[in-house]
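Novice: Sharing a model prediction with you, sequence too.
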Amino acid sequence: MSEKVTKSKRNGQYELIRVAAMFFVIGVHLVETLPVDTPRRTLYNSVFSLIFYTCNGLFFMLSGKFALGGAYKSKEDRKRYFQKRILNLILPMIFFMWLRSAYSVRGDIFHLEFWNLCLRNILCDYMGKDYWFLYLLLGNLLIAPFLSKAFTKAGKGELQFFVGVGILYSALCVYLPYVGFSMEWKYLFAEWTFYFCLGYCLEQIVESTMWLQPTFLLHVGCGSF
């Protein structure tokens, strides 16, 4: 199969995951409005939450798959990559944060206090709001060209070991609090960065084409999360 045909086919499948993840984001906020005043409604809330909350992992895995698997062989490649991130992510992100800041002061933007507020919102204060996803994703995307050199040169066994350590770390984060401990060692295994790396690793370490089908991964992931 030619490279052109393969790329076209896979793009369509990954777009399906992207669209599904967008609907899941909407579902997350809808679930928050569901009443939990009966056992049945509580069960529905829990089930839907487990399904819809996979949206974050799906977005990070998709981003990591393409960012870490990109070609950054020359200075021009890296320049082109960062230009796209600035135009497609950083500038729109700053613009909408500015709009939200302006809305919060009812358009009264012609004084120093507003610009101080806006700067604080952009740098840190909006991290606790809906923009948390963008803060974390942006950091991963900016470091992707450098991490890519390590991941693309790693062998299958090394990637398997990396994923194994990540799964073990995630398990410790989940279960240690039940016995009075917490896991504070972080780096690439913390929060959503591991999902970002996992997006690239999966296709490198899984051999069966069935397991690599994005639509199959979507169904299995939603069912097991």
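Specialist: Perfect, I can see it now.

Novice: For this protein, just list every one of the helices.
Specialist: In the chain, the helices defined using DSSP state H lie at 3-31, 39-52, 54-68, 75-85, 91-104, 112-123, 132-153, 156-175, 193-205, 209-212, 214-224.

Novice: Residue 183: which of the ones you listed is closest?
Specialist: Between residue 183 and the helices of the chain, the shortest separation by Cβ to Cβ is 4.6 Å, and it involves helix 156-175. The C-beta positions use only the backbone N, C-alpha and C, and glycine is treated the same way.

Novice: distance of residue 135 from residue 82?
Specialist: Applying Cβ to Cβ, to the nearest Å, the value for residue 135 to residue 82 is 18 Å.

Novice: And residue 174, by the same measure?
Specialist: Taking Cβ to Cβ, one finds residue 174 at 35 Å from residue 82.

Novice: quick revisit: can you lay out the helices of the chain as JSON lines showing mean neighbour count, mean pLDDT and distance to residue 184?
Specialist: What follows is the helices of the chain, written out as JSON lines (neighbours: other Cβ atoms under 10 Å; pLDDT from 0 to 100; distance: least, Cβ to Cβ, whole Å):
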{"stretch": "helix 3-31", "mean neighbour count": "13", "mean pLDDT": "74", "distance to residue 184": "27"}
{"stretch": "helix 39-52", "mean neighbour count": "14", "mean pLDDT": "87", "distance to residue 184": "26"}
{"stretch": "helix 54-68", "mean neighbour count": "22", "mean pLDDT": "91", "distance to residue 184": "21"}
{"stretch": "helix 75-85", "mean neighbour count": "13", "mean pLDDT": "92", "distance to residue 184": "30"}
{"stretch": "helix 91-104", "mean neighbour count": "14", "mean pLDDT": "94", "distance to residue 184": "29"}
{"stretch": "helix 112-123", "mean neighbour count": "14", "mean pLDDT": "93", "distance to residue 184": "24"}
{"stretch": "helix 132-153", "mean neighbour count": "16", "mean pLDDT": "91", "distance to residue 184": "18"}
{"stretch": "helix 156-175", "mean neighbour count": "14", "mean pLDDT": "90", "distance to residue 184": "10"}
{"stretch": "helix 193-205", "mean neighbour count": "22", "mean pLDDT": "90", "distance to residue 184": "15"}
{"stretch": "helix 209-212", "mean neighbour count": "10", "mean pLDDT": "50", "distance to residue 184": "33"}
{"stretch": "helix 214-224", "mean neighbour count": "14", "mean pLDDT": "50", "distance to residue 184": "27"}
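
Novice: Columns distance to residue 181 on top of those, output as TSV?
Specialist: Shown next, in TSV, are those (distance: least, Cβ to Cβ, whole Å):
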stretch	distance to residue 181
helix 3-31	29
helix 39-52	25
helix 54-68	25
helix 75-85	38
helix 91-104	36
helix 112-123	33
helix 132-153	25
helix 156-175	9
helix 193-205	20
helix 209-212	34
helix 214-224	26
